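Engineer: how would this look folded up:
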Amino acid sequence: MSVTTGSIPCAIPGSPLDLASGGIDACVHCGFCLQACPTYLALEDENDSPRGRIVLMRGLVEGTLATTNEDVHTHIDRCLGCRACETACPSGVPYGHLLEATRATLTAVKPIPFVARAILFAFARRPLMLLFMFGGRLTRALGLSRLLASLPGRLGFAMAMLESTRASITRKRYSPDSSGSRGSVAVLTGCVMEGLFAETNRATERTLSMNDYSLVLAPQQRCCGALHAHAGDAETARTLARANIEAFEAAGADYVAVNAAGCGAMMKEYGQILEHDAGWHERAVSFSARVRDVSELLAEAGPRTGGALPLTVTYDAPCHLLHAQRIATPPLRVLGAIPGLTLVPLNASDQCCGSAGIYNLVEPDVSNRVLAPKLANIALTGAPLVATGNPGCLMQIGAGLQQAGVGVRAVHPIDLLDASYGNL
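Structural biologist: A predicted model of the protein is given here:
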């Protein structure tokens, strides 16, 4: 028996999709989202477009489609969650929220795939996550990732991703001075960032200090929960959100700086994922208001001009920075503060690279089809470096370039600014 939620008769009352179903009505099926959607462009199937998936969501809510329908699972699973459709949408459809609610509803009848479930289990438990990252660093240090990166299939690409986490540029060490006049900042060290890109975290801290922010530690912080929310594990995402709110509240910093676009988008939406938790909702909203991408904080400060760094770079905008957080110019201002750096435009820089958290591990074929035009456009720029501000994008693009034999390396914009400051 169905009940009615808003204007849609609901066949799945009380489910996450039921609670989010009001967003479905905002879609007028205009089709503006189609050319913004990487899976529609790659697969040319209306069911693999935002508009098509919203039709499927409506079918679930109205009961014309069952939550056990395999085709529904296939098309929902194929979505990257890049949210480019939200930027293109004239009606303000909250597609990202609808997608996560749909996946959380579907996982009740079909478990998350084993590979994804194992990764999510480890990331939600700090000791396991640290062991997982140590294993990655050891594999990289022993040269096994370089040796195995040329293998075909999922294993070879995973090793190429790991190999791409090696430092892309050299830099001189320096000791930044900070007046602290711009306020205090606690940095989200993150899971993959601290585990495989630790030097970028240190660069984040140094560049913030160089721009007069004072640093505060938040030692009890956890995984941000983005991977869990995207996969449909909403309860674990909420648990991690509460832990982070508590940890950063204890730190007492004015801002929370994030150098991973996906993590920043998630943490800015803690108020939304805890909307129905009366004890945490207001705290979540207050916390999210203090979250900033590191490029936002640096752009607000100028940023301070560095020393000469004669490099040619192209910039690829991470989806969760551009489309979810709507941050476009701050990363370019960061790169613009580097004398001698030549920035070459990248065609379709607003299109997804196909990483999408762990999507490239669970949907490798579609991920590779989305990545291919990105690699071609990067090669056309002639730049030896591509800058992007998200670990998943760094690894996905880096691995693709390596396996394609293209002599281009992926680098975080903050690493370039840090190297520039080292040349002062």
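Engineer: show me the contacts for C27.
Structural biologist: R51, I54, C89, S91, V93 (Cβ atoms under 8 Å, 6 or more residues apart in numbering). Backbone N, C-alpha and C define where each C-beta goes, glycine included.
Engineer: Now which of the residues you listed would you call buried?
Structural biologist: Among these, those buried by neighbour count (16 or more other Cβ atoms under 10 Å) are R51, I54, C89, V93.
Engineer: Among those, which lie within helices?
Structural biologist: Among the buried ones among the contacts of C27, DSSP state H puts R51, I54 in helices.
Engineer: Throw the buried ones among the contacts of C27 into TSV and include pLDDT and distance to G180, thanks.
Structural biologist: Putting these into TSV (pLDDT from 0 to 100; distance: Cβ to Cβ, whole Å) gives the following:
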residue	pLDDT	distance to G180
R51	96	49
I54	97	47
C89	96	41
V93	96	42
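Engineer: just to revisit the earlier point, dump the contacts of C27 into a markdown table; add distance to T74 as well.
Structural biologist: Output for those, formatted as a markdown table (distance: Cβ to Cβ, whole Å):
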| residue | distance to T74 |
| --- | --- |
| R51 | 17 |
| I54 | 16 |
| C89 | 23 |
| S91 | 26 |
| V93 | 22 |
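Engineer: Pick the one among the residues you listed closest to E246.
Structural biologist: V93 (32.6 Å; Cβ to Cβ).
Engineer: what separates that closest one from T342, distance-wise?
Structural biologist: Between V93 and T342 the computed distance is 39 Å (Cβ to Cβ, to the nearest Å).
Engineer: so where is the stretch 151-300 of the chain shaky, pLDDT-wise?
Structural biologist: Within the stretch 151-300 of the chain, not a single segment meets pLDDT under 70.
Engineer: Quick check: V285 touching E269?
Structural biologist: No. Using Cβ atoms under 8 Å, V285 makes no contact with E269, being 10.2 Å away.
Engineer: which of these two has more neighbours?
Structural biologist: E269 (22 against 14; other Cβ atoms under 10 Å).
Engineer: give me every residue that touches the more buried one.
Structural biologist: So E269 contacts S288 (Cβ under 8 Å, 6+ apart).
Engineer: Now do the strands in the stretch 151-300 of the chain.
Structural biologist: Under the criterion DSSP state E, counting those that start in this stretch, the stretch 151-300 of the chain contains strands at 184-187, 214-216, 255-258, 291-293.
Engineer: Please convert the ones you listed to TSV, extending it with mean neighbour count and distance to R166.
Structural biologist: Listed next are the strands of the stretch 151-300 of the chain as TSV, based on neighbours: other Cβ atoms under 10 Å; distance: least, Cβ to Cβ, whole Å:
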stretch	mean neighbour count	distance to R166
strand 184-187	22	22
strand 214-216	17	26
strand 255-258	26	23
strand 291-293	24	24
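Engineer: Got the phi and psi for N69?
Structural biologist: The phi/psi pair for N69 (degrees, to the nearest 10) reads phi -60, psi 120.
Engineer: Against H29, how distant is the closest residue to A26 other than its chain neighbours?
Structural biologist: Of all residues not flanking A26 in the chain, V93 sits nearest, at 4.6 Å (Cβ to Cβ, 6 or more residues apart in numbering). Distance of V93 to H29, given as Cβ to Cβ: 10 Å.
Engineer: mind listing what's buried in stretch 43-53?
Structural biologist: L43, N47, D48, S49, P50, R51, G52, R53.
Engineer: cool, and stretch 311-319?
Structural biologist: The neighbour-count check on stretch 311-319 (16+ other Cβ under 10 Å) flags L311, V313, T314, Y315, D316, A317, P318, C319 as buried.
Engineer: How about stretch 282-290?
Structural biologist: R283, A284, F287, S288, R290.
Engineer: from those residues, which single one is nearest T102?
Structural biologist: Of the buried residues of stretch 282-290, the one sitting nearest to T102 (Cβ to Cβ) turns out to be A284, at 21.9 Å.
Engineer: Could you pull up the residues touching the closest one?
Structural biologist: A241, I245, Y270, G271, I273, L274, D277.
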